[in-house]
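In: predicted coordinates and the sequence they were generated for:
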Amino acid sequence: MLTPEGQVLLLTARTALNAAQQQHLARLLSAPLDWERLSRAAWGHGVAPLLHRHLRQQALSELVPEPVRTSLERWAHATAFRNLKLLTELRSFLLAGERAGLPVIVLKGAALAEPVYGHLGLRPMVDVDLLVPQQALPLAESVLEHLGYRPDFPHACSRRAWEHHYVHLAYRRPGAIGPVELHWDLVPPYPRVPFQLNVAQIWPRTQVVTIVQMPAKVLAGEDLLLYLSLHHFHHGGETLLGFCDVAEVIRRWGDRLSWLTLVRRAKEAKAARVVGYTLWWVREYLGAPVPSEVIATLCPQATIIDCWRQRLDGSPIPAAHLIGNPWARLGRQLLLLSGPVFRCCFVWQSLLPSASAFSRFHPLERSVWRYLYYLLRPTRLRSAGRYLGRLLGRHWG
């Protein structure tokens, strides 16, 4: 059974509430709540701006203690300010890229804030993510350099290692509020994850939306749902925000979605389990209108959903202190991965330093002993002990 704080979080993790949901929210807020825990969880899950919006729209702010109300208001204003600054950086890049003839697809937060959430302050953003063709990467880098951005790598060998293990490069500009990440693919190379997305087929299917008062390309609805599901899974499926993204895309573009197309592309990407579980979650806990036959087709093994239902019925929302915990992340990922090879890969990536992290050492410092020191240094062992202790400690509710 969900705690009242958990019910408030799930109820407000959406952009709009119907009359019955508004009444339910008012009843929940009228009862005694642990407001400190609720505000901390809302911030950790990235849904504090949505909570603040519903409290303000329903004139329920007077039910909230003054310190919590003030902090929620500050978080909401800070989110709107940060997003505005990031979208201004995006606009500059899109204008420069258009002049240079650079094809660009806007990804993640920038593609969701205005077109899906309807307001740039409701969906927190950390950076600007863009997809460009791999052959156009030098042109994209020259556009960024012209705007004052520089690669976020200490030396060239770090870049080579990062390109080998990842599918994006980060760039920063002095004074900018966040980095710009250039992607040339949507999933890491095949040896790391079993998923496969054909980016060449994604480009012709893009749709044009309005972002910062100018046209921009974003992924088609089916491709967007597939990518958001995989991206959320890759980051551990820990936060409500990732599920909220999927639910809001379904609500906003549901009448234009082809569920058969989504099922086919999920199977082609070898991601049927992940997409099926994500759609089940947003239907079960966020009320997204997902047809039952779609979930049954993607997850014919009912034992997977039944297992997750047993694990989540008591607490479908991970506790705020478990966000970023690699042990908790593995517990959510491994069940949806088939094959021992990929399970071992995820364990390695989650608990041990990656090759890209090791590559950031100066070339003269690289050795087996340096790697072992990096792996077994006291601060890392203490951090691992804290993570394990939190995992074994009290969960939400």
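Out: Cool, the structure landed.
In: all contacts plus neighbour counts: C-alpha atoms, from now on.
Out: Will do.
In: can you name the next helix or strand after the longest helix that the chain contains?
Out: When the chain is parsed with DSSP state H, its longest helix is helix 66-100. Where DSSP states H and E defines the elements, the next helix or strand beyond helix 66-100 is strand 105-107.
In: what is the mean pLDDT for that following strand?
Out: Strand 105-107 shows a mean pLDDT of 97.
In: just how off-centre is it within its chain?
Out: 14 Å (Cα atoms, centre = their mean, to the nearest Å).
In: what does it contact?
Out: Strand 105-107 is contacted from outside by Val128, Asp129, Leu130, Leu131, Val132, Thr206, Ala216, Lys217, Val218, Leu219, using Cα atoms under 8 Å, 6 or more residues apart in numbering.
In: for the following helix or strand past that strand, give me every contacting residue.
Out: The first helix or strand that comes after strand 105-107 along the chain, using DSSP H and E, is helix 108-112. With Cα under 8 Å, 6+ apart as the test, helix 108-112 has contacts from Leu87, Arg123, Pro124, Met125, Val128, Asp129, Ile211, Val218, Leu228, Asp245.
In: quick check, nearest of those to Arg173?
Out: Distance to Arg173, by Cα to Cα, is smallest for Val128 among the contacts of helix 108-112, at 12.4 Å.
In: kindly state the beta-bridge partners for that closest one.
Out: Going by DSSP bridges, Val128 is paired in beta bridges with Val180.
In: check Val180 and give its pLDDT.
Out: If you check Val180, the pLDDT there is 94.
In: neighbours of it, how many?
Out: When counting by other Cα atoms under 10 Å, one arrives at 26 neighbours for Val180.
In: repeat that for the one 4 residues further on.
Out: For Trp184, the tally of surrounding residues (other Cα under 10 Å) stands at 19.
In: may I see the buried residues of stretch 4-22?
Out: For stretch 4-22, the neighbour count (16 or more other Cα atoms under 10 Å) marks 4-15, 22 as buried.
In: report the distance from that stretch to the chain centre.
Out: Distance, stretch centre to chain centre, for stretch 4-22: 21 Å (Cα atoms, centre = their mean).
In: need the contact list for Gln196.
Out: By Cα under 8 Å, 6+ apart, Gln196 lies in contact with Val187, Tyr190, Glu268, Ala269, Lys270.
In: ok, back up a step: which strands or helices does the longest helix of the chain pack on?
Out: helix 35-44, helix 48-57, strand 128-131, helix 137-146 (3 or more Cα pairs under 8 Å, 6 or more residues apart in numbering; DSSP states H and E).
In: report the distance from the helix or strand following the last one to the chain centre.
Out: From helix 137-146 onward toward the C-terminus, using DSSP H and E, the following helix or strand is strand 150-151. Using Cα atoms, centre = their mean, the mean C-alpha position of strand 150-151 is found 24 Å from that of the whole chain.
In: quick check: Leu182 is in a strand.
Out: Yes: under DSSP: H, G, I helix; E, B strand; the rest coil, Leu182 falls within a strand.
In: that one and Leu130 touch, don't they?
Out: Yes: taking Cα atoms under 8 Å as the definition, Leu182 is a contact partner of Leu130 at 5.1 Å.
In: what sits against the closest residue in space to Phe342 that isn't next to it in sequence?
Out: In this structure, Phe342 finds its nearest non-sequential neighbour in Val193, 6.2 Å apart by Cα to Cα, 6 or more residues apart in numbering. By Cα under 8 Å, 6+ apart, the contact set of Val193 is Val187, Phe342, Cys345.
In: look up how far Trp253 lies from Ala288.
Out: Ala288 sits 12 Å away from Trp253, taking Cα to Cα, to the nearest Å as the criterion.
In: which one's more surrounded, the two?
Out: Neighbour tally, Ala288 and Trp253, criterion other Cα under 10 Å: the higher count belongs to Ala288, 21 against 13.
In: what are the phi and psi values for that one?
Out: phi -70, psi 140 (degrees, to the nearest 10).
In: about what we covered before: of the contacts of helix 108-112, closest to Thr297?
Out: Leu228 (19.2 Å).
In: is it correct that that closest one is in contact with Glu248?
Out: No: counting by Cα under 8 Å, Leu228 does not reach Glu248; the two are 11.4 Å apart.
In: can the buried residues of stretch 4-22 go into TSV with extra columns for secondary structure?
Out: Formatted as TSV, these follow (three-state DSSP):
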residue	secondary structure
Pro4	helix
Glu5	helix
Gly6	helix
Gln7	helix
Val8	helix
Leu9	helix
Leu10	helix
Leu11	helix
Thr12	helix
Ala13	coil
Arg14	coil
Thr15	coil
Gln22	helix
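In: circling back to that earlier point, just the contacts of helix 108-112: which are in strands?
Out: Val128, Asp129, Ile211, Val218 (DSSP state E).
In: gap between the closest residue in space to Pro124 that isn't next to it in sequence and Tyr277?
Out: Of all residues not flanking Pro124 in the chain, Thr79 sits nearest, at 5.8 Å (Cα to Cα, 6+ apart). Thr79 sits at a distance of 29 Å from Tyr277 (criterion: Cα to Cα).
In: again with Ser71
Out: In terms of Cα to Cα, Ser71 sits 34 Å off from Tyr277.
In: when these two are compared, which one has more neighbours?
Out: Between Ser71 and Tyr277, counted using other Cα under 10 Å, the more crowded position is Tyr277 (20 against 15).
In: pretty sure the more buried one contacts Cys299?
Out: Yes: using Cα under 8 Å, Tyr277 makes contact with Cys299 at a distance of 7.4 Å.
In: any shared contact partners between those two?
Out: Listed contacts common to Tyr277 and Cys299 are Ile305; contacts here mean Cα under 8 Å, 6+ apart.
In: give me the element the closest residue to Val290 other than its chain neighbours is part of.
Out: Distances taken as Cα to Cα, 6+ apart put Arg283 closest to Val290, at 6.0 Å, once the chain neighbours are dropped. Following DSSP H and E, one finds Arg283 within helix 272-286.
In: right, I'll call it a day here.
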